[in-house]
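[1] only geometry, no sequence info:
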Ligand code: GDP
């Protein structure tokens, strides 16, 4: 366990009771020796049986940078893929302090009470840059963390944003294969990670709060445009009048945006995570969206498009890695960088010459 995760108050939930007959060998292995390598089959069987300990172990493999772990992670993923795709994926964003964790706790508990199984994944761009993190360093979602039908996984703590997005998408697949029918992907609304989250979920929810001085609370127009619902939290106590006014403002603002590809008109709703009001209504909006976009086939189309995008992104990553890890390329990049420095070659010609070298190396085999 890293220092960061030791300090973090975010609990990773044990989840539903372990099925006794399944994977007892694997569980014993985990208990005896936490670092023991489990076989791909053990992990896959465990995940498909809804075993949270093994799901966590597989997500840890996904997050690992060791190539042996990556190889096994990809094997587990491939075996789980046919069992995935069955959940509702909801992205939730909002500025720090808006009430994301309180809201996810309230909505998550509402759903687990209705027998849903809820997984919460997070993308926290701040944890990639600094030791601390906005999402992880405080007590969050305590009751959901103790809920046997919920699983909470903190944001991967290292890597590039693109890398973290890939890990999150792969974690979604594993959670779905483990039987979670609702996946929340939470991110901090500070502008870097929303597009990534939007590209991997079915429904994108922007959480706002009433008043707070400026109406848009630093949320960029582009993020508002991505929202399928704007939910104004903290609509309680003295805030109610301001919350209603904010609702009108957002409804008016949304009218100015071009219609979404889905044909769906983004909804504005009020809730109080603290008083647990308006929560069921928010979920009704999500269900209405699913029905609307299933009927007009957009839901399926969007998932297909997302998969294609992921494939192209993964392909670019693979090709770039292959290029930059090639020993001859590495040596020539240094040389060419010096030539650029000495103004002997233009940047474009330098890139062209490296690309030509790469093609020649490929031909040579
Ligand atoms: P996050 O940073 O977006 O995850 O926000 P938190 O869930 O940690 O909430 C930030 C603060 O707002 C905390 O002090 C909460 O108690 C408070 N809060 C959250 N939801 C509500 C709500 O519905 N009403 C009120 N009045 N306060 C809330």
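    Everything's here; your move. Given the structure is predicted, the values throughout are model-derived calculations rather than measurements.
[2] any idea how far stretch 316-336 is from the chain center?
    Relative to its parent chain, stretch 316-336 has a centroid offset of 29 Å by Cα atoms, centre = their mean, to the nearest Å.
[3] show the average pLDDT along it.
    Stretch 316-336 shows a mean pLDDT of 90.
[4] end to end, how far does that stretch reach?
    End-to-end distance for stretch 316-336, by Cα to Cα, to the nearest Å: 23 Å.
[5] show me what counts as buried in it.
    Going by neighbour count (16 or more other Cβ atoms under 10 Å), the buried part of stretch 316-336 is 326, 329, 332-333, 336. C-beta coordinates here come from the backbone N, C-alpha and C atoms, glycine included.
[6] show me the shaky parts of the stretch 1-150 of the chain.
    Across the stretch 1-150 of the chain, residues meeting the criterion (pLDDT under 70) sit at 1-36, 126-139.
[7] where along the stretch 51-200 of the chain do the strands fall?
    All strands of the stretch 51-200 of the chain, identified by DSSP state E, counting those that start in this stretch, fall at 88-94, 118-123, 150-152, 182-188.
[8] for the ligand, which of these is the nearest?
    strand 88-94 (5.5 Å; Cβ to the nearest ligand atom).
[9] okay, the angle between the helix ranked longest in the chain and strand 88-94?
    Counting residues, the longest helix found in the chain (DSSP state H) is helix 298-325. Calculated by axes from the mean of the first three to the mean of the last three Cα atoms, to 10 degrees, helix 298-325 forms an angle of 70 degrees with strand 88-94.
[10] after helix 298-325 comes which helix or strand?
    Note on helix 298-325: by DSSP states H and E, the next helix or strand toward the C-terminus is helix 327-341.
[11] near the ligand, which residues of the protein are found?
    94, 96-102, 233-234, 236, 272-274 (Cβ under 6 Å from any ligand atom).
[12] is there a quick ChimeraX command that grabs whichever of those residues are buried?
    Remark: buried members of the residues of the chain next to the ligand, expressed as a ChimeraX selection using 16+ other Cβ under 10 Å:
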select :94,98,99,100,101,102,233,234,236,272,273
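[13] can I get the residues of the chain next to the ligand in a markdown table including distance to residue 123?
    Output for the residues of the chain next to the ligand, formatted as a markdown table (distance: Cβ to Cβ, whole Å):
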| residue | distance to residue 123 |
| --- | --- |
| 94 | 13 |
| 96 | 14 |
| 97 | 18 |
| 98 | 16 |
| 99 | 18 |
| 100 | 12 |
| 101 | 14 |
| 102 | 19 |
| 233 | 20 |
| 234 | 23 |
| 236 | 28 |
| 272 | 26 |
| 273 | 20 |
| 274 | 25 |
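[14] so who does residue 278 touch?
    Applying Cβ atoms under 8 Å, 6 or more residues apart in numbering to residue 278 gives the contacts 231, 235, 269-272.
[15] how many residues are close by residue 107?
    Residue 107 has 26 neighbouring residues, counting by other Cβ atoms under 10 Å.
[16] any idea how far residue 118 is from the closest residue to it other than its chain neighbours?
    Once flanking residues are discounted, residue 107 sits nearest to residue 279: 5.5 Å by Cβ to Cβ, 6 or more residues apart in numbering. Taking Cβ to Cβ, to the nearest Å as the measure, residue 279 falls 13 Å from residue 118.
[17] and what of residue 273?
    In terms of Cβ to Cβ, residue 273 sits 15 Å off from residue 118.
[18] returning to that earlier point: the longest helix of the chain - contacts with which helices or strands?
    On a contact count with 3 or more Cβ pairs under 8 Å, 6 or more residues apart in numbering; DSSP states H and E, helix 298-325 meets helix 161-177, helix 279-295, helix 327-341.
[19] most tightly packed of those helices?
    Each of those was assessed for mean neighbour count using mean count of other Cβ atoms under 10 Å. The highest is helix 161-177, with a mean of 22.
[20] quick one: contacts of that one?
    With Cβ under 8 Å, 6+ apart, helix 161-177 has contacts from 47-48, 55, 58-59, 62-63, 73, 76-77, 80-81, 83-87, 89, 119, 121, 123, 125, 128, 151, 153, 155-156, 159, 183, 185, 192-193, 196-197, 199-200, 310, 313-314, 317.
[21] quick one, what contacts the residue nearest to residue 107?
    By Cβ under 8 Å, 6+ apart, the contact set of residue 279 is 103, 106-107, 110, 271, 273.
[22] and it, how far is that from residue 230?
    15 Å.
[23] also residue 141?
    22 Å.
[24] same question, residue 72
    Distance from residue 72 to residue 230, by Cβ to Cβ: 41 Å.
[25] and residue 141 and residue 230? Which one has more around it.
    Ranked by neighbour count (other Cβ under 10 Å), residue 141 and residue 230 place residue 141 first, with 25 against 22.
[26] my guess is that one contacts residue 101, does it?
    Yes - if you go by Cβ atoms under 8 Å, residue 141 and residue 101 touch, sitting 5.2 Å apart.
[27] mind pulling up the pLDDT for residue 296?
    96.
[28] count of neighbours near the residue lying closest to it once chain neighbours are set aside?
    In space, residue 296 comes closest to residue 263 once its chain neighbours are excluded; the distance is 5.7 Å by Cβ to Cβ, 6+ apart. With neighbours defined by other Cβ under 10 Å, the count for residue 263 comes to 11.
[29] again, but for residue 120
    Residue 120: 27 neighbours (other Cβ under 10 Å).
[30] again, but for residue 142
    Residue 142 has 13 nearby residues by other Cβ under 10 Å.
[31] just use 57 as the starting number from now, easier for me
    Got it, the first residue is 57 from now on, which makes the last one we talked about residue 198.
[32] how near is it to residue 206?
    Distance of residue 198 to residue 206, given as Cβ to Cβ: 11 Å.
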